[in-house]
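Engineer: Pasting the sequence and the predicted coordinates here, then a few questions.
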Amino acid sequence: MIHPTSKVMIAGAALLGVVSLGGCATKGFVREEVAVVGARTDAVSGRVDTIQTQVAAVEGTARDALDRATAAGKLAEGKFLYSEVLSDDSMKFGVSKAALSPETEARLDAFAEKLKTDNRNVYVEVQGHTDATGSKDANYRLGQERAENVRRYLNQHGVPLNRISTISYGAESPAAPNKDRAGRQANRRVVLIVLS
């Protein structure tokens, strides 16, 4: 026969075993849950890093845009002196052409001399325009090429490059309707804006 104290000891040992096994199961469960939460935290951390990189890129782009807007604002603060439109018969640009004719060069020579004679620190914006024939992208490129050719010519004749900027409007700002040959010819032009 088993002594009653022994029964109590066996029952206590069995109870202790069950409790310790239950404790191990709880620790295992906690470890599994911690691993799942850790994996989720790592994923979220990776997403946060990606978003921070994207925010930094947007901030850089916004800073560049702000710098350009500030520069444009400073330019706009300058006083408009006069403009010169290079589109009359002496300034014809051929269809899809950006080359300067001898007549154009003569007009630009007179313009550069006027700038030198005035002897003022002025800023010149060279605007390139086209007629409506051709694609939008091609017209922008052609307008820019016309403006750049004028810019180079003026620089070669004494106007500092840092005082000349170029912009292409393509066919967006017509001077005349593009319905007939005369209107399209009037739209193939370069406009020089002089600011002090």
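Structural biologist: Structure's in. What do you need? Numbering: from 1, shown residues only.

Engineer: the domain parsing of the chain - what is it?
Structural biologist: 1-77, 80-195 (automatic domain parsing).

Engineer: residue contacts, residue 136?
Structural biologist: For residue 136, the contact set (C-beta atoms under 8 Å, 6 or more residues apart in numbering) comprises 170, 171. For every residue, glycine as well, the C-beta is placed using N, CA and C.

Engineer: And for residue 96?
Structural biologist: Here residue 96 is in contact with 133, 134, 138, 142 (criterion: C-beta under 8 Å, 6+ apart).

Engineer: Any of those buried? List them.
Structural biologist: In terms of neighbour count (16 or more other C-beta atoms under 10 Å), the buried residues within these are 134, 142.

Engineer: Closest one of the contacts of residue 96 to residue 115?
Structural biologist: Ranked by distance to residue 115 (C-beta to C-beta), those are led by residue 142 at 25.7 Å.

Engineer: so how many other residues sit close to the residue nearest to that closest one when sequence neighbours are not counted?
Structural biologist: Excluding the flanking residues, the one nearest residue 142 by C-beta to C-beta, 6 or more residues apart in numbering is residue 130, at 5.1 Å. Per other C-beta atoms under 10 Å, the neighbour tally for residue 130 reads 32.

Engineer: Stretch 181-196: which residues count as buried?
Structural biologist: So, applying 16+ other C-beta under 10 Å, buried residues of stretch 181-196: 184, 185, 186, 187, 188, 189, 190, 191, 192, 193, 194, 195.

Engineer: Among those, name the ones in strands.
Structural biologist: The members of the buried residues of stretch 181-196 that map onto strands under DSSP state E are 190, 191, 192, 193, 194, 195.

Engineer: Can you show me the helices along this protein?
Structural biologist: Using DSSP state H, the helices found in the chain span residues 4-77, 102-118, 136-156, 181-187.

Engineer: Now the first one: average pLDDT?
Structural biologist: Think helix 4-77. Averaged over helix 4-77, pLDDT sits at 69.

Engineer: ok, now stretch 97-108?
Structural biologist: 85.

Engineer: Quick check: end-to-end length of it?
Structural biologist: 18 Å (C-alpha to C-alpha, to the nearest Å).

Engineer: buried residues in that stretch?
Structural biologist: 98, 100, 104, 107, 108.

Engineer: What about residue 153, how many residues nearby?
Structural biologist: Each residue near residue 153 was counted by other C-beta under 10 Å, and the total is 18.

Engineer: surely residue 195 meets residue 120?
Structural biologist: No. Judged on C-beta atoms under 8 Å, residue 195 makes no contact with residue 120 at a distance of 10.4 Å.

Engineer: what sits in contact with each of those two?
Structural biologist: Common neighbours of residue 195 and residue 120 (C-beta under 8 Å, 6+ apart) do not exist.
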